[in-house]
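Q: What follows is a predicted protein model with its sequence.
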Amino acid sequence: MKKFSYYPGCTSHTSSKEYDMSVRAVFSVLGVELVEIEDWNCCGALEVESPLLAYALNARNLVLAEKTGLDLVVPCSACFYNLGRTDYALRDEELRRRIGTSYARRIKVRHVLDVLANDFLEEIKTRAKKKLDVRVVPYYGCLTVRPSDFGFDDPDYPESMDRLLSALGADVPEFSLKARCCGGPILMTAEEIPLKMTAQILEEAKKAGADAISVACPLCHLMLDAKQPDIEAALGKEFKMPVLYFTQLVGLTLGIKPKKLGLHKNIISTREIIRKVLR
Amino acid sequence: MTMRVDPEFRGKVVGELGAERLLRCVQCSTCTVSCPISEFVDWNPRLVVEKCLLGLRDVLDEEGLWLCTSCQNCYERCPQDVRFSEIVLALRRLAAEEAKAGRLKLESTKPAFDECFLEMVAKYGRQYEAGLLRTFAKRSGLGFKLFLSYKGIGMRLFKKGKVALRPDKIKRVKEVREVFKRFSGSPSSSVETGGEHK
């Protein structure tokens, strides 16, 4: 049985429960075991100003992951950024000494999108029970694909999610804002700016005639989904745009029950999408 | 506008971890045209670098310093690999130092937010949003106003069972506190004493 180690990240217990649920459900159907790393700590998200502190916090997680001997899979893009850049920086022996870590870079740090789109595309296609009969706009945000030092896709115009979703039958239009920032990291300290940034993405998705937006990051999801009613109120506009984790869409085509994918946990109703895929 | 030139400032920035590549800048503006924030506020990354190079320490007052979302566009696209997003972090550290010494007043609530965020991590090993909000409301001086502004999203998440009502503390939180003690002066010390630090 194929195995990966798994770093769920703090939001997997709170705002992004449905991401964690759908990731676990999809891997389980694919016959892949995810081994949650023991006693992992917060990656520091984007609130760490000191690089050394960021590296040290994440080196602890990398050591725990390395103990399993399994490549590490990460769903959250901010966690992926921190774990990825730490792994990348720790190529430097001097830095490893300075941090005082035993991490030896014997494992790889990978985003869930990378693993599913690049390792399991054929497997998913073979096992698909339903056609993803929706028009869906792919949104990657920033840290899923940048920086490309340790990335897996194009940093300006990524296509792995496009490929995965269209292989499952989705109608995936070109989307010029797919790697544009949603502003999430400054939501709590300068709210009016991220509201405008996320509004642009919602407007463009609407213009593209999307039935839904597909995302790969809990913070992007929070902005586009949970903040959507506030953006509608601020703009005096209605979007009613479902925002799904790409793993929820993949899970639906694999025939996984909507409830197991946490589709009742999204703020904007996903009912219409479920209906279109399962009909 | 008075311009205070400090001949030591450029060297000080370059000496910060992550900002070593400042002197490579050729002032091409790729960072500025790539910055999603400069669309909304008066924030010009190229000019920030120029000010650093000229020793204009007023750059530490820039509002945009605390609005960077770390989107990594500038880092990714710079033809000289200056790594501007890392320079932003270095300038934030310098600004925080100045503020601590009473030489600068920080208008943004972002430094307080980051501080509260990391205190939660040092305390539990993981993030605890409810605790973070309480501490941030107090420290930022926003108090109840903060809860009012985010009431909508808070309720929406709560109704979907997406708010944790108690912290998720890891077993060996000591190891995380040790990391804080070694690599940053502040959050761990406040946890040790159990109080707030100003």
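A: Alright, I've got the coordinates. Residues are numbered from 1 along each chain as shown, chains lettered A, B, ... in the order given.
Q: domains in the chain, as residue ranges please.
A: I went with chain A, as the question did not name one. The record assigns chain A these domain ranges, following automatic domain parsing: A:2-112, A:129-278.
Q: sorry, should have said chain B
A: Annotated domains of chain B cover B:9-100, B:110-193 [automatic domain parsing].
Q: can you tell if the last one touches chain A?
A: Yes. Using C-beta under 8 Å from any C-beta of the partner chain, a contact is recorded between domain B:110-193 and chain A, made by B:110, B:113-114, B:117-118, B:121, B:125-127, B:129, B:136, B:149-150, B:152-153, B:156-157, B:160-164, B:168, B:170-172, B:175-176, B:179-180, B:182-184. Yep, even glycine has a C-beta here, placed from its N, CA and C like the rest.
Q: Return the distance of that domain from the chain's centre.
A: On the basis of C-alpha atoms, centre = their mean, to the nearest Å, domain B:110-193 sits 15 Å off its chain's mean C-alpha point.
Q: Give the rounded mean pLDDT of that domain.
A: Average pLDDT, domain B:110-193: 90.
Q: Which helix or strand contains residue B:99?
A: Here residue B:99 sits within helix B:84-100, counting by DSSP states H and E.
Q: Can you give me the buried ones in that helix?
A: Residues of helix B:84-100 classed as buried by neighbour count (16 or more other C-beta atoms under 10 Å in any protein chain shown): B:84-96, B:98.
Q: Go back to the residues you listed and keep what's next to chain A.
A: Applying C-beta under 8 Å from any C-beta to the buried residues of helix B:84-100, those adjacent to chain A are B:86, B:89, B:92, B:93, B:96.
Q: and these as CSV, adding distance to residue A:43 and pLDDT?
A: Formatted as CSV, these follow (distance: C-beta to C-beta, whole Å; pLDDT from 0 to 100):
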residue, distance to residue A:43, pLDDT
B:86, 17, 98
B:89, 15, 97
B:92, 18, 97
B:93, 19, 97
B:96, 21, 95
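Q: Just want the most central residue of the chain.
A: Assuming you mean chain A. Centroid-nearest residue in chain A, with C-alpha atoms, centre = their mean: residue A:216, separated by 2.5 Å.
Q: Can you tell me how far that one is from chain B?
A: Distance, residue A:216 to chain B, using C-beta to the nearest C-beta, to the nearest Å: 15 Å.
Q: looking at it, that residue is touching residue A:141, isn't it?
A: Yes. When contacts are counted by C-beta atoms under 8 Å, residue A:216 is listed as touching residue A:141 (7.4 Å).
Q: Report the set of residues contacting both of those two.
A: Residues touching both residue A:216 and residue A:141 by C-beta atoms under 8 Å, 6 or more residues apart in numbering or on different chains: residue A:77.
Q: Quick one: residues in contact with the helix holding residue B:99.
A: Contacts for helix B:84-100 (C-beta under 8 Å, 6+ apart): A:49-51, B:12-13, B:16-19, B:22, B:31, B:45, B:48-49, B:52, B:59-62, B:65-66, B:68, B:70-72, B:74-75, B:78, B:104-106, B:111.
Q: Which secondary structure state is assigned to residue A:73?
A: strand (DSSP: H, G, I helix; E, B strand; the rest coil).
Q: er, residue A:189 actually
A: Look at residue A:189: counting by three-state DSSP, its state is coil.
Q: my guess is it contacts residue B:117, does it?
A: No. The pair residue A:189 / residue B:117 is not scored as a contact, 10.7 Å apart, by C-beta under 8 Å.
Q: of the two, who's got more company?
A: residue B:117 (24 against 19; other C-beta atoms under 10 Å in any protein chain shown).
Q: Please name the nearest non-neighbouring residue to the more buried one.
A: Spatial nearest neighbour of residue B:117, chain neighbours left out: residue A:47 (4.1 Å); criterion: C-beta to C-beta, 6 or more residues apart in numbering or on different chains.
Q: That neighbour: neighbour count?
A: Around residue A:47 there are 23 other residues, counting by other C-beta under 10 Å.
Q: and it, which of the three is it?
A: Per three-state DSSP, the local secondary structure of residue A:47 is coil.
Q: OK, contacts around residue A:178?
A: Shown in contact with residue A:178 (C-beta under 8 Å, 6+ apart): A:137, A:138, A:139, A:140, A:157, A:158.
Q: quick check, it in a helix?
A: No. Applying three-state DSSP, one finds residue A:178 to be coil, outside a helix.
Q: From residue A:273, how far off is residue A:211?
A: If you measure residue A:211 against residue A:273 using C-beta to C-beta, to the nearest Å, the figure is 6 Å.
Q: same check, this time on residue A:24
A: With distances taken as C-beta to C-beta, residue A:24 is found 20 Å from residue A:273.
Q: same thing with residue B:22?
A: In this view, residue B:22 and residue A:273 are 48 Å apart by C-beta to C-beta.
Q: Phi, psi for residue A:135 please.
A: For residue A:135, the backbone dihedrals (degrees, to the nearest 10) come out as phi -100, psi 110.
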